[in-house]
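Peer 1: build me a model from this:
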Amino acid sequence: MKVSNETKVGILTGVAITFLILGFNFLKGKTILKTGNYLHAKYANTKGIMISNPVYINGFQVGAVADIENADERLSSIIVSIKLKGNYTIPTNSVAIIKENPLGPPSIEIKLGNQQQFFAAGDTIATAENLGLLAGVMDKLSPVTAQLQQTIHTLDSVLKNINTIFDPNTKNSIQQVIANVNKTTESLVISSVSLQKMLNEQTGSITASMQNVNKFTSNLNNQNDKISETLNNLSKVSSNLAKADINGSVSQLKSTITQLNDVVGKINSNEGSLGKLINDKSLYNNLNNTIRSANILVDDLRVHPKRYVNISVFGKKDKTIPLSIPLSDSTKMN
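Peer 2: This next block holds a predicted model:
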């Protein structure tokens, strides 16, 4: 039986199309005959996962997405078939999570559980939603947002109360206060300028004073030896004073003062010759009378010498009355 060329071309075309479809599916990671170790996962949202996207466990690629199909006509759930590259022991409480990558295609991350039972080929693994970085941040920001809304509400109430309190008169008063503050500020600026000018004028005086201080300290430095010698002398004097029997000297001085007080007391009293001499008027009167009698005697002797001494051979004795009072010239002399 002779086969026509058209038949041969048709058969070769069919075989080529078949191999093309099989190669295309193989490159996509999908095979016609599902042979190997498969796991199935059911998602409500595949987040753009495609066939041949990688599947990781602890960062190591253990397989790829082999097939994606809808579980029902409403697309409420989508079944993703995962083809593993080997017979891995995956605990039955493990979870398959779709991880989005903003710089590349999404992937599936299997979080291993801790049970001692493991998946068999064809089992369905549990799934969970990956919140992602932005979702985690939003979860943390949600309480802050609520507090911020409450704060804004409170601030709005406060502003309303302020608006009700601040009537036009109060506003005018506040404006006057602000105007006074502005005037005060201008006065402070003028005062600061004047102060700066005064400081500039006094800079020379301050410099001269500092120079005088430097000269004084220099003189002190030059007189350091003399100052040290003076301090040593003061130290010796203080040492001598410390060694001196000051308490004994004070005691002796107190004793002497006591004795002096006793003597003065006796002098002030009528006891003793000195006390009577100072306090008794009769002694003064007697002394005064004695001096007066001596004056009378001297005057009488001067006036009537013949009464007391007779040296004349032919003379006669003076029989005049003796003086009873001193002469006036003797009184003036006294």
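Peer 1: just give the nearest non-adjacent residue to Asn58, would you?
Peer 2: Nearest non-adjacent residue to Asn58, counting by C-beta to C-beta, 6 or more residues apart in numbering: Leu112, 7.4 Å away. In short, each C-beta sits where N, CA and C put it, glycine included.
Peer 1: next, the closest residue to Asn93 other than its chain neighbours: secondary structure please.
Peer 2: Counting by C-beta to C-beta, 6+ apart, Gly113 is the residue found nearest to Asn93 once chain neighbours are left out, at 3.2 Å. Classification of Gly113 using DSSP: H, G, I helix; E, B strand; the rest coil returns coil.
Peer 1: got the phi and psi for Gly113?
Peer 2: Dihedral angles of Gly113 (phi, psi; degrees, to the nearest 10) stand at phi -90, psi -170.
Peer 1: what does the one 5 residues further on give?
Peer 2: Main-chain torsions, Phe118, degrees, to the nearest 10: phi -120, psi 160.
Peer 1: name the nearest residue to it, sequence neighbours excluded.
Peer 2: Per C-beta to C-beta, 6+ apart, closest to Phe118 is Thr89, 4.7 Å.
Peer 1: can you get me a residue count around the one you found?
Peer 2: 9 (other C-beta atoms under 10 Å).
Peer 1: for it, give me the pLDDT.
Peer 2: Model confidence at Thr89, given as pLDDT, is 91.
Peer 1: helix, strand or coil for it?
Peer 2: coil.
Peer 1: for Pro54, see how far away it is.
Peer 2: Counting by C-beta to C-beta, to the nearest Å, the gap from Thr89 to Pro54 is 20 Å.
Peer 1: go on, Arg292?
Peer 2: 157 Å.
Peer 1: what of Glu186?
Peer 2: Applying C-beta to C-beta to Glu186 and Pro54 gives a distance of 74 Å.
Peer 1: of these two, who's got more company?
Peer 2: Using other C-beta under 10 Å, the more surrounded residue of Glu186 and Pro54 is Pro54, with 15 against 10.
Peer 1: hmm, back to that, what's around the residue nearest to Asn93, how many residues?
Peer 2: As a burial measure, Gly113 scores 16 neighbours (other C-beta under 10 Å).
Peer 1: that one reaches Thr89, doesn't it?
Peer 2: No. With contact defined as C-beta atoms under 8 Å, Gly113 and Thr89 do not form a contacting pair (11.3 Å).
Peer 1: next SSE after the longest helix seen in the chain?
Peer 2: With secondary structure taken from DSSP state H, the chain has its longest helix at helix 168-222. The helix or strand immediately downstream of helix 168-222 is helix 224-243, counting by DSSP states H and E.
Peer 1: let me see the mean pLDDT of the very next helix or strand once past that following helix.
Peer 2: On the C-terminal side of helix 224-243, the nearest following helix or strand under DSSP H and E is helix 246-268. Helix 246-268 shows a mean pLDDT of 83.
Peer 1: go on, stretch 155-172?
Peer 2: In the prediction, stretch 155-172 has an average pLDDT of 71.
Peer 1: what's the helix or strand for Val65?
Peer 2: Here Val65 is assigned to strand 60-70, by DSSP H and E.
Peer 1: pLDDT weak spots in this structure?
Peer 2: The chain contains residues with pLDDT under 70 at 1-3, 25-35, 131-142, 163-171, 202, 270-277, 280, 307-334.
Peer 1: domain map for the chain?
Peer 2: The domain map for the chain lists 1-33, 35-130, 133-158, 166-244, 281-333, with the assignment taken from automatic domain parsing.
Peer 1: out of those, deepest packed?
Peer 2: Comparing the domains of the chain by mean neighbour count (mean count of other C-beta atoms under 10 Å), domain 35-130 comes out on top with a mean of 15.
Peer 1: starting at the chain centroid, how far to that one?
Peer 2: 60 Å (C-alpha atoms, centre = their mean, to the nearest Å).
Peer 1: ok, stretch 186-204 next?
Peer 2: What separates the centre of stretch 186-204 from the centre of its chain is 31 Å, taken as C-alpha atoms, centre = their mean.
Peer 1: alpha carbons only: can I get that stretch in CSV?
Peer 2: This file holds the C-alpha atoms of stretch 186-204, laid out as CSV (Å, rounded to 0.1, in the frame of the first residue of the first chain):
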residue,chain,number,x,y,z
GLU,A,186,11.3,96.8,70.3
SER,A,187,12.3,98.3,73.6
LEU,A,188,14.5,95.3,74.3
VAL,A,189,16.1,95.6,70.9
ILE,A,190,16.9,99.3,71.6
SER,A,191,18.2,98.4,75.1
SER,A,192,20.3,95.6,73.7
VAL,A,193,21.8,98.0,71.1
SER,A,194,22.5,100.6,73.9
LEU,A,195,24.0,97.8,76.1
GLN,A,196,26.2,96.7,73.2
LYS,A,197,27.4,100.2,72.6
MET,A,198,28.1,100.6,76.3
LEU,A,199,30.0,97.4,76.3
ASN,A,200,32.0,98.5,73.3
GLU,A,201,32.9,101.7,75.1
GLN,A,202,33.8,99.9,78.2
THR,A,203,36.0,97.4,76.3
GLY,A,204,39.0,99.6,76.7
